[in-house]
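J.: Sequence and predicted structure, then a few things I'm wondering about:
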Amino acid sequence: MTFFAGARPGRQVTHGSASFELPILYHRDDAFGLFFTADAGAVRAMLPSPRLHPLILPGKRALVGVMAFNYIDTSIGPYGEVAVAAPVVHGGRPPLGPPAALLEARYPGFGNLVLHLPVTSRLARDAGRGQWGYTKFVADMRFRITPERMECALAEGGREILTLCVARRGLALPDPNPLVTYSVREGALIRTTIPQRGIFRNALRPRGSTLELGRHPVAESIRALDLGPRPLLSRYYLERAAILPEGQVVESGVRPLEGFHGAQEQGEHTVRYQ
């Protein structure tokens with residue numbers, strides 16, 4: 001595939017139980033999520049640097065996204081992942097704007113600060129924490145994919161964290177933009193630019209899309225962000241491929257962002273297509 005041309009041979013690295021080649025290649029996945037307004041003060045309190053600024057929407061609310069990924073074909077094997085992230089800008093304060101435009105990674109310094117990133121495998125956890133400082137922990141995920149909706153139920157240690165349900169609605173659009181993340185590793189803010197290619201569907205104020213939170217500490221952390229009662233935007237991919245490279249240090253001496261660690265060493269990853 002032309003998109004992956006030149007990605008191999010890469011560089012072999014080892015972190016804990018994970019020995020893998022960089023960049024990590026993602027050939028195929030199921031990806032879907034919801035974006036909510038959130039309390040701007042609560043989001044600011046989680047930012048590890050005063051140079052990071054949340055996106056503020058009209059109404060003085062911030063934005064938080066919850067995305068689920070069923071990775072079907074990758075260079076480190078299949079696994080599941082759920083990302084809870086706050087769109088931010090590093091450097092100058094971003095202007096107010098419509099949410100669809102703010103989700104485009106075109107504004108200088110734009111990215112997504114990863115607040116929680118559970119995965120279903122120890123290898124993915126050790127790789128993510130060791131290389132990028134991602135807030136990964138091992139959890140259980142049950143995916144259900146139907147023609148009408150895409151669902152992921154997330155739990156850890158027998159306690160429900162969340163259930164994400166995204167109705168398949170919206171206009172199909174190409175997505176040539178990279179996914180940009182921010183994370184913290186050993187006191188440094190890491191910016192990682194992830195090339196991706198895909199086709200997604202967005203729907204504003206979608207009907208039939210829901211997020212239910214459990215009583216796990218991660219669920220309580222999300223609940224403390226005071227998410228709006230209804231999603232502002234839904235997104236799911238008809239197809240998607242991505243390349244995860246090394247990140248770059250963009251700021252030193254920032255506050256820690258360790259996230260939840262958990263006690264599981266291996267998670268359940270089940271997928272049902274109907």
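T.: Yep, it's here. Residues are numbered from 1 along each chain as shown.

J.: Would you mind listing the outside residues contacting the longest helix along the chain?
T.: Looking only at the chain and at elements set by DSSP state H, the helix with the highest residue count is helix 122-132. Under the contact criterion CB atoms under 8 Å, 6 or more residues apart in numbering, helix 122-132 has outside partners 13, 15-18, 20, 22, 24, 76-77, 79, 81, 117, 119, 134-138, 181, 183, 185, 190, 192, 246-247, 265-266. Where you see a C-beta, it was placed from the backbone N, CA and C, and this is true even at glycine.

J.: In PyMOL, how would I pick out whichever of the residues you listed are buried, leaving the exposed ones unselected?
T.: Of the contacts of helix 122-132, the buried ones go into a single PyMOL selection, burial set by 16 or more other CB atoms under 10 Å:
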select buried, resi 15+18+20+22+24+76+79+81+117+119+134+135+136+137+138+181+183+185+190+192+247
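
J.: So which residue is smack in the middle of the protein?
T.: Nearest to the mean C-alpha position of the chain, counting by CA atoms, centre = their mean, stands Ala83 at 3.1 Å.

J.: OK, contacts around that residue?
T.: Taking CB under 8 Å, 6+ apart as the criterion, Ala83 is in contact with Gly33, Gly65, Val66, Met67, Ala68, Phe69, Asn112, Val114, His116, Leu117.

J.: Enumerate the beta-bridge partners assigned to the nearest residue to Phe110 once chain neighbours are set aside.
T.: Closest residue to Phe110 in three dimensions, ignoring its sequence neighbours and counting by CB to CB, 6 or more residues apart in numbering: Val89, at 5.5 Å. Going by DSSP bridges, Val89 is paired in beta bridges with His53, Phe110.

J.: Tell me if I'm right that Val89 and His53 touch.
T.: Yes - contact between Val89 and His53 holds when scored by CB atoms under 8 Å: they sit 5.1 Å apart.

J.: Quick one: low-confidence residue ranges for the chain.
T.: Flagging of the chain using pLDDT under 70 yields the residue ranges 1, 95-106.

J.: Out of the contacts of helix 122-132, list just those in helices.
T.: Where the contacts of helix 122-132 are compared with helices, as defined by DSSP H, there is no overlap at all.

J.: That concludes my questions; thank you for your assistance.
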